[in-house]
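A.B. asks: sequence first, then the predicted structure, then my questions.
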Amino acid sequence: MGYVLNYILFLLPIFVTFILVRKSKKIAQTRAKLPPGSMGWPYIGETLELYSQDPNDFFAAKQKRYGEIFKTHLLGCPCVMLASPEAAKFVLVTQAHLFKPTYPKSKEQMIGPSALFFHQGEYHTRLRKLVQNSLSPDAIRILVPDIESIAISTLDSWAGGCLINIFHEMKKFTFDVGILSIFGNLDAKYKEELKKNYFIMDKGYNSFPTNIPGTTYHKALTARKSLSKILNYIVSERKERSPGNRDLLGYLMNFKDENGNHLTENQIADNIIGVLFAAQDTTASVLTWILKYLHDYPKLLESVKAEQMAIYESNERGNRPLTWAQTRSMRLTLKVILESLRMASIISFTFREAVADVEYKGYLIPKGWKVMPLFRNIHHNPEFFENPHKFDPSRFEVSPKPNTFMPFGNGVHACPGNELAKQQMLILIYRLLTKHRWKVVGYQSGIQYSPFPVPNQGLPARFWKDSCTPREG
Ligand code: HEM
């Protein structure tokens, strides 16, 4: 009996503490209220409102009405939107462990569930290190001549005055650069097979996920399986030849954990497809916007061209290859790229999910709710960017305030490919402005979502080599 009493006396303070902690937590929770905003209709919430207008107008109107933090309900999920630099930093950097990445299951299945951006914690950190190493300045420095060759052959394929869809053509360029950074110089037969299947997969990625033979989605899943097979061939061939390469495939193949385990074939394939996917459409959309802005601002175009011509002349009219140092000296061109990233904000927001109840500035973000830092709203806030709707590269003569410019995200999931993205844009602009001219044809102002925003119809245009005179039309 005495033993039982001792036991109770021992447990009592623990129990009381537990109750008090829970109670104080509950009080904190009940004190914190949900952010302002409206949740719309049952289940569909405000999804129709979002899709019946330009999504940017939807978010801007909400911010105007409710302020920098507001709630809504989209695609069956309650969401908290955050439109201030501090809130974005809270979610993506300082409290990133409380917010996990979240994607629809169908998208995860398509890319491959082991791709790093679906993960948090140790697996993510490991994979991220490998991807970062393969995209480090040292690794991409040596790619300059090869990227220049890709830019030359891409631009030559446009020359001759045929009408082209700039966005579609830019996707071919960014695909080829992606392949180069992942595999180095890959055998042409593998490259063609990867390209064929990747473009089928890409087409089905945003289609309605009905897995019935004949649908775009089903074709995409089939192409995804073929991609895995091709990648497995490439891996086994590389094992026999030179696994030591310092490209992404080399880093993935050489990885061993503390127990000596290598990555599985699926982990390698999912991460290769994931990187290609993260690299291609994003960079192609931004390049399309850059051409649109240069076309809209002829004086600026002349100044950028002058910067590029000086390098071209010093390279014996383009006969000597461009160097890394020269890409670093393209100051005005870089500002045009940064301003295009800000203006177009092609990734206007990102998604996370709260893994616990979180309190931010007196507001409750309940566990399981989606959380969306709104990059575009921050990039277009006059408090941080004066006259935000004006395209003005000179604003980047001074650095933006901390956490106000996040075209490549922020924190643990920030874009590891940002230097490669900028580098390939600089190189393409160099070859375009020094050797070619172009004319936008029949452009109707407006934006299309594919899924990132791009100028309507992908900005149709005709291109000529500079030695040829364009005909009107
Ligand atoms: C202009 C072009 C690009 C833009 C605007 C862009 C933007 C972004 C953004 C905003 C994120 C963070 C997403 C989030 O936090 O949810 C991200 C992540 C990522 N990006 Fe990029 N990106 C670009 C090009 C590239 C390129 C060229 C590569 C690779 C070669 C790449 C690879 C990745 C990867 C692997 C991630 C996931 C990182 C992680 O989860 O740790 N991106 N990108």
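C.D. replies: Yep, it's here.

A.B. asks: tally of neighbours for the closest residue to Q448 other than its chain neighbours?
C.D. replies: Closest residue in space to Q448, ignoring its immediate chain neighbours: N456 at 5.4 Å, by Cβ to Cβ, 6 or more residues apart in numbering. Where you see a C-beta, it was placed from the backbone N, CA and C, and this is true even at glycine. Residues lying near N456 (other Cβ atoms under 10 Å) number 14.

A.B. asks: quick one: contacts for M39?
C.D. replies: Neighbour list for M39: G45, E46, K71, T72, H73, P78 [criterion: Cβ atoms under 8 Å, 6 or more residues apart in numbering].

A.B. asks: hmm, I typed the wrong one, I wanted T288.
C.D. replies: If you count contacts by Cβ under 8 Å, 6+ apart, then T288 has I166, F167, M170, V454, P455, G458, L459 around it.

A.B. asks: pretty sure the residue nearest to Q448 sits against G442.
C.D. replies: No: here N456 lies out of contact with G442, judged by Cβ atoms under 8 Å, at a distance of 9.9 Å.

A.B. asks: how about the residues of the stretch 101-250 of the chain near the ligand?
C.D. replies: Contacts of the stretch 101-250 of the chain with the ligand, taken as Cβ under 6 Å from any ligand atom, map to L116, F117, R128, V131, L135, G178, S181.

A.B. asks: against N418, how distant is the last one?
C.D. replies: As for S181, its distance to N418 is 13 Å (criterion: Cβ to Cβ, to the nearest Å).

A.B. asks: who has more neighbours, the two?
C.D. replies: Neighbours per residue (other Cβ under 10 Å) separate S181 from N418, with S181 holding more: 24 against 14.

A.B. asks: so what's that one up against?
C.D. replies: S134, L135, A139, I140, L143, D247, L248, A279, L420.

A.B. asks: buried ones only from the residues you listed, please, as a ChimeraX command.
C.D. replies: Buried members of the contacts of S181 can be picked out in ChimeraX with the line below, counting by 16 or more other Cβ atoms under 10 Å:
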select :134,135,139,140,143,247,248,279,420
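
A.B. asks: quick check, nearest of the contacts of S181 to the ligand?
C.D. replies: Checking the contacts of S181 against the ligand by Cβ to the nearest ligand atom gives A279 as the nearest, at 3.5 Å.

A.B. asks: check contacts around that closest one.
C.D. replies: For A279, the set of contacting residues under the criterion of Cβ under 8 Å, 6+ apart consists of T174, V177, G178, S181, G417, L420, A421.

A.B. asks: columns secondary structure, distance to Q109 and pLDDT on top of the residues you listed, output as CSV?
C.D. replies: Output for those, formatted as CSV (DSSP: H, G, I helix; E, B strand; the rest coil; distance: Cβ to Cβ, whole Å; pLDDT from 0 to 100):
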residue, secondary structure, distance to Q109, pLDDT
T174, helix, 24, 98
V177, helix, 27, 98
G178, helix, 21, 98
S181, helix, 25, 97
G417, coil, 23, 98
L420, helix, 27, 98
A421, helix, 26, 98
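
A.B. asks: which residue does the protein have closest to the ligand?
C.D. replies: The nearest approach of the chain to the ligand comes at G417, 2.1 Å away (Cβ to the nearest ligand atom).

A.B. asks: surely that residue and A278 touch.
C.D. replies: Yes: taking Cβ under 8 Å as the definition, G417 is a contact partner of A278 at 6.5 Å.

A.B. asks: need the residues touching each of those two.
C.D. replies: Shared contacts of G417 and A278 (Cβ under 8 Å, 6+ apart): none.

A.B. asks: about what we covered before: for the residue nearest to Q448, what are its contacts?
C.D. replies: Y443, Q444, S445, G446, I447, Q448.

A.B. asks: how much space is there between it and Q424?
C.D. replies: As defined by Cβ to Cβ, N456 lies at a distance of 24 Å from Q424.

A.B. asks: give me the phi and psi angles of the residue nearest to Y66 when sequence neighbours are not counted.
C.D. replies: Computed as Cβ to Cβ, 6+ apart, the closest residue to Y66 that is not its neighbour in sequence is P36, at 4.4 Å. In terms of degrees, to the nearest 10, the main-chain angles of P36 are phi -70, psi 170.

A.B. asks: wait, doesn't P36 sit right on Q63?
C.D. replies: No: here P36 lies out of contact with Q63, judged by Cβ under 8 Å, at a distance of 11.1 Å.

A.B. asks: for those two, indicate the residue with more neighbours.
C.D. replies: Set side by side, P36 and Q63 give different neighbour counts by other Cβ under 10 Å, the larger being at Q63 (21 against 13).

A.B. asks: please look at that one and N377 and confirm they touch.
C.D. replies: Yes: counting by Cβ under 8 Å, Q63 sits close enough to N377 to count as a contact (5.5 Å).

A.B. asks: so what sits against both of these two?
C.D. replies: Contact criterion Cβ under 8 Å, 6+ apart; residues bridging Q63 and N377 by contacting each: A83.

A.B. asks: phi, psi for I346 please.
C.D. replies: Dihedral angles phi and psi of I346 (degrees, to the nearest 10) take the values phi -60, psi -30.

A.B. asks: does it touch W289 like I think?
C.D. replies: Yes: under the criterion of Cβ under 8 Å, I346 lies in contact with W289, with a separation of 7.4 Å.

A.B. asks: need the overlap of contacts for these two.
C.D. replies: Residues touching both I346 and W289 (Cβ under 8 Å, 6+ apart) are V454.

A.B. asks: of these two, who's got more company?
C.D. replies: Comparing I346 with W289 by other Cβ under 10 Å, the one with more neighbours is W289, at 26 against 23.

A.B. asks: contacts only, for the more buried one.
C.D. replies: S340, M343, A344, I346, V454, P455.

A.B. asks: please name the nearest non-neighbouring residue to the second one.
C.D. replies: Ranked by Cβ to Cβ, 6+ apart and with sequence neighbours excluded, the top spatial neighbour of M343 is F391, at 5.6 Å.

A.B. asks: in a strand, that neighbour, correct?
C.D. replies: No: going by DSSP: H, G, I helix; E, B strand; the rest coil, the assignment for F391 is coil, not a strand.

A.B. asks: just how off-centre is the lengthiest helix in the chain within its chain?
C.D. replies: Looking across the chain with DSSP state H, the single longest helix is helix 265-296. Here the centre of helix 265-296 is set off from its chain's centre by 7 Å, with Cα atoms, centre = their mean, to the nearest Å.
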